[in-house]
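1. Give me a 3D structure for the following:
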Amino acid sequence: MDIRNLLRDVAEGTVSVDEAVLKLKKAPFEDLGFAKLDYHRALRQGVAEVIYGAGKTSEQIVKIVNNFWKNGQKNVLITRMSEDAAKFVVKELRSDKIKITYDAMSKIGIVGEIPQSDGLGKVVVATGGTSDMPVAEEAALTAEVLGNEVVRLYDVGVAGLHRLLSHADELMSAKVVIAIAGMEGALASVIGGLVDCPVIAVPTSVGYGAAFEGLSALLSMLNSCASGVSVVNIDNGFGAGYMAHMINHMR
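-> Down below sits the predicted model:
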């Protein structure tokens, strides 16, 4: 529900005060039994509720998307969605009015159109290696769905530092950089020492045994000697993309 339009309708007399009060009472959330949909999330936080697809059935995802769509949510982001669930959602919801896209690498589903970017600057997403791309695409697509211009710099890790330095212009002109790396996670510190904007470090579970499924990179990033580096959880591309959006929209 668009509360601004509702208030405008009340002011114009096309909706009565009692009707508006009833709609507002229903608006905060809807209980579907298996989920309570937060329709006021966008009003409170500026971003509508996102669906975490892992652990939900295909039928549950379809019902949640349907209810968000009917309540005026222009686009719906679904993270960690399996290919089977994506096929089911596309089959059940595809119509002339609803566009649905799915990216198998990042396991991101998008219902609706990606909006025009309206952020203050560019979000740069950089990875240490090609193996980090699934997490990077989760971050990049999240930022794009939220209305940010994203620049992707993939496979620019410290094993070949010249690859990263060849993109110095893009890095130094960014509003925020998301640095994604596994193994020893050194990329975040290197970028943190080059740029004057916030760096969001994302450790990934990429690496051999002593990487401990991302724990080594996480601890390295938490102990970064570069100022301005913050860290999200292992493989949490969504969290990094969301935080980058917030930074890029702080006017």
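
2. Just confirm G129 contacts A217, I think it does.
-> No - in this structure, G129 is not within contact of A217 by CB atoms under 8 Å, at 11.6 Å. Using the backbone N, CA and C atoms, a C-beta is placed for each residue, glycine as well.

3. Now do the shared contacts for the two.
-> Listed as contacting both G129 and A217 by CB atoms under 8 Å, 6 or more residues apart in numbering are A181, G182.

4. These two: who's more crowded?
-> It is A217, of G129 and A217, that has more neighbours when counted by other CB atoms under 10 Å, with 31 against 19.

5. host element of that one?
-> Element membership for A217, per DSSP states H and E: helix 215-222.

6. on contacts alone, who are the packing partners of that helix?
-> Secondary-structure packing of helix 215-222 (3 or more CB pairs under 8 Å, 6 or more residues apart in numbering; DSSP states H and E): helix 187-192, strand 199-203, strand 229-231.

7. Those: which one's closest to F88?
-> Closest to F88 of the helices and strands packed on helix 215-222 is strand 199-203 (CB to CB; 29.3 Å).

8. Now do that closest one against helix 215-222, angle only.
-> 160 degrees (axes from the mean of the first three to the mean of the last three CA atoms, to 10 degrees).

9. Alpha carbons of strand 199-203, as CSV, please.
-> The C-alpha coordinates for strand 199-203 follow below in CSV (Å, rounded to 0.1, in the frame of the first residue of the first chain):
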residue,chain,number,x,y,z
VAL,A,199,35.1,-0.4,2.1
ILE,A,200,32.7,-3.3,2.9
ALA,A,201,34.7,-6.5,3.2
VAL,A,202,33.0,-9.8,2.4
PRO,A,203,34.9,-13.0,3.3
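
10. That strand - which strands sit beside it in the sheet, and in what orientation?
-> Counting by DSSP bridges, the strands paired with strand 199-203 are strand 176-181 (parallel), strand 229-231 (parallel).

11. Output these in CSV; the columns should cover mean pLDDT, distance to H162 and mean neighbour count.
-> Compiled in CSV, the strands paired with strand 199-203 are given as follows (pLDDT from 0 to 100; distance: least, CB to CB, whole Å; neighbours: other CB atoms under 10 Å):
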stretch, mean pLDDT, distance to H162, mean neighbour count
strand 176-181, 98, 17, 32
strand 229-231, 97, 22, 20
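
12. would you turn those strands into CSV with distance to Q116?
-> Listed next are the strands paired with strand 199-203 as CSV, based on distance: least, CB to CB, whole Å:
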stretch, distance to Q116
strand 176-181, 19
strand 229-231, 28
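
13. I'd guessed G121 sits against N248; true?
-> Yes - between G121 and N248 there is a contact at 6.2 Å, judged by CB under 8 Å.

14. Name the residues contacting each of these two.
-> With CB under 8 Å, 6+ apart as the test, G121 and N248 both reach K175, V176.

15. Compare the two (neighbour count), which wins?
-> Neighbour tally, G121 and N248, criterion other CB under 10 Å: the higher count belongs to N248, 26 against 15.

16. What count of nearby residues applies to the nearest residue to the more buried one once chain neighbours are set aside?
-> Residue nearest to N248 in three dimensions, not counting chain neighbours: G119, with 3.8 Å by CB to CB, 6 or more residues apart in numbering. Residues lying near G119 (other CB under 10 Å) number 22.
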